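> Take this sequence and fold it.
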Amino acid sequence: MECLRSLFSLKKPCRVLPKGAGEARLWRMKIEDATKGLAALSQETRLRVFRLLAPEGALGLPAGEIARRLEVRPATLSFHLSHLEEAGLLQSRRESRSILYAINVEGVRELLGYLSEDCCRGDPRLCLPPGKEPLAAKAR
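Just a heads-up that it's a prediction; the model follows:
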């Protein structure tokens with residue numbers, strides 16, 4: 001199971017691109033898609049949903065369980081889940097009579113990559129909080 005903590009393991013390091021090199025970017029995401037993803041996460045309930053589902057990885061949770069844990073009415077939750085799914089941050093699947101929601105690993109990876117691609121003067125260690133090491137280094 002791949003969860004959010006392992007999404008951005010710095011296997012694709014940041015790099016500084018010269019001005020005008022937009023076509024040679026590492027990440028395929030367009031600014032419009034990044035804006036949609038960030039807008040989806042800028043609402044409190046949707047951010048809470050995202051944070052609840054992140055540790056669940058690809059397994060996800062049924063919509064009813066999400067509503068119960070977050071104490072959100074099902075109709076309200078449905079609106080927020082569809083917004084996150086439309087932004088490419090969640091995906092849903094039907095299992096029997098339940099709809100399960102999980103993090104869209106590729107969508108989140110694209111958004112994180114887009115946000116951090118040009119940062120840190122090409123040194124991904126500079127993007128980490130003080131005292132943290134890259135996930136790839138921890139795996140050794």
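> Now do the SS call for the residue nearest the centre of the chain.
Geometric centre of the chain, nearest residue: Val108, 2.8 Å, by Cα atoms, centre = their mean. Under DSSP: H, G, I helix; E, B strand; the rest coil, Val108 falls in the helix class.
> what's the helix or strand for Ala39?
Ala39 belongs to helix 31-41 when assigned by DSSP states H and E.
> Tabulate the CA atom coordinates of that helix in CSV.
The C-alpha coordinates for helix 31-41 follow below in CSV (Å, rounded to 0.1, in the frame of the first residue of the first chain):
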residue,chain,number,x,y,z
ILE,A,31,-1.1,25.8,-13.8
GLU,A,32,-4.9,25.5,-14.2
ASP,A,33,-4.9,22.0,-12.7
ALA,A,34,-2.6,23.0,-9.9
THR,A,35,-4.9,25.9,-9.1
LYS,A,36,-7.9,23.5,-9.1
GLY,A,37,-6.1,21.2,-6.7
LEU,A,38,-5.1,23.9,-4.3
ALA,A,39,-8.5,25.5,-4.4
ALA,A,40,-10.1,22.1,-3.5
LEU,A,41,-7.8,21.8,-0.5
